[in-house]
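> Would you be able to build a 3D model of this:
(2 chains)
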Amino acid sequence: MKAYYDRVKKELNFKAKNVNEMLKELKIMRNTVIVVANNEIVDEDYNFKEKDKVKILSVVSGG
Amino acid sequence: MCKRCKTKPVIKLSSGESLCKGCFLNYFEKKVRKTIRVHKLIGKKENLLVAVSGGKDSISVLEVLLGIYKGNKNIKVSALLIDEGIKGYREDCIKKTEEYCKKNKVKLNIASFNKEFGFTLDKIVKGRRPCSVCGVLRRSLLNIKARELGATKLVTGHNLDDEAQTIIMNQFRRNMDASSRLGPLTGNENNNDFVRRIKPLYFMPEKEIMTYAFLKNLTHDFNECPYNIDSYRNQIREMLNKFEELYPGTKYSIVSSFMEILPLLKKKEKVAKIKKCKICFEPSSSEICQKCKILNEIKSSKH
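I've put the predicted structure just below:
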């Protein structure tokens, strides 16, 4: 699957089945992002569905 | 599942509790109200001026305050934006803030470095530390404008992450004097030259603010200041995020334990009397304030 990560402004590929595993796989700390699937926020235990549009949004202030 | 109403969760708090959209929004606003109440941030009659940047923190604090004080004629809420003159960054922030304020009928005041000091940040940044220069000039301008606008309190969007980082930075640099001026309410009620500052989001982690902003449709595309190269703060942020990942609640522990010693630090600070800058007569801890030192240095470098 693919997830768009706004901080690096690109799509990242991942194999994980849920949010928690995806963040581990992509080496992104949980407390630095929120994850959105199909424009809805999902929590760490959310299991991805095949056609989900996944976005990882940075929570760090931009300065 | 949401621990409170057993529906689909949107966040797992650092306490381990999962909450759905409705329960999270209630939790968030309740927590901000508690900070305001416990730390006596807002009185019965106030003219609040919210320092806005267009980012998630300042727009979220404005949104919460508008919700809490809706219909309360004794609490006025307006906004102030400082345009430092950062091409390709600030224009977008101004546009977003103007849109929000127009939609929510909030009076927006804009002050700029160019108008007040005669230069943009872009023009003077070469060879200087942008975050230090910008921070000093912005803080000074916020105070001057807040006083001119008759604000009783200046509201900022500082959050738990910001404060935990600053506390640790001051500790690592042995700068307890700077730490004594931290806390959710700063300034002195007997000093009319300095408009007191309040931080209603003091105990809110960035992740919770971002979640609130997203659920309230207040977020926009990620936009980073091109001068965000304060490597020391970035390193501290990275370190604290790693600790938070391993030991959830670390940032809260740093800030809440700091709050326990803050009264002692403030007592010590009382010894150092607040002076007035000899050049601009603004409140200062030394004979000449930091803003005037920077402005003098910029002026002399032109010759």
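> Distance-wise, check B:C5 relative to B:Y69.
Going from B:C5 to B:Y69 by CB to CB, to the nearest Å gives 27 Å. Any C-beta I mention is one placed from the backbone N, CA and C, and that applies to glycine too.
> out of these two, which sits in the more crowded spot?
More crowded of B:C5 and B:Y69, by other CB atoms under 10 Å in any protein chain shown: B:Y69, with 16 against 12.
> Residues in a beta bridge with the closest residue to that one other than its chain neighbours, which ones?
Once flanking residues are discounted, B:Y69 sits nearest to B:I75: 4.1 Å by CB to CB, 6 or more residues apart in numbering or on different chains. Note on B:I75: beta-bridge partners by DSSP bridges are B:E46.
> need the contact list for B:I75.
B:42, B:45-46, B:48, B:69 (CB atoms under 8 Å, 6 or more residues apart in numbering or on different chains).
> rerun at 10 Å
Contact analysis of B:I75 by CB atoms under 10 Å, 6 or more residues apart in numbering or on different chains lists B:42-48, B:65, B:68-69, B:152.
> just A:E40 next, same as before
A:E40 neighbours (CB under 10 Å, 6+ apart): A:46, A:52, B:8, B:10, B:21, B:214-215.
> Just say helix, strand or coil for B:V10.
strand (DSSP: H, G, I helix; E, B strand; the rest coil).
> Just to check, it is in contact with B:T211?
Yes. If you go by CB atoms under 10 Å, B:V10 and B:T211 touch, sitting 6.4 Å apart.
> Looking at the two, which has the bigger crowd around it?
Set B:V10 next to B:T211 and count neighbours by other CB under 10 Å: B:T211 wins out with 27 against 24.
> quick one: buried residues of stretch B:211-218?
B:211-216, B:218 (16 or more other CB atoms under 10 Å in any protein chain shown).
> before we move on, what about stretch B:178-189?
Of all the residues in stretch B:178-189, those buried under the rule 16+ other CB under 10 Å are B:179-180, B:182-187.
> Next: stretch B:51-71.
B:51-65, B:68-69.
> Which ones among these lie within helices?
If you go by DSSP state H, the buried residues of stretch B:51-71 have B:56-65, B:68 in helices.
> which among these gets closest to chain A?
The closest of those to chain A turns out to be B:D57 (CB to the nearest CB; 6.2 Å).
> Model confidence at that closest one, what's the number?
We have a pLDDT of 95 for B:D57.
> Tell me if I'm right that it and B:Y202 touch.
No. At 11.3 Å, B:D57 does not count as touching B:Y202 under the criterion of CB under 10 Å.
> Overlap of the contact sets of those two?
Listed as contacting both B:D57 and B:Y202 by CB under 10 Å, 6+ apart are B:156, B:158-159, B:162.
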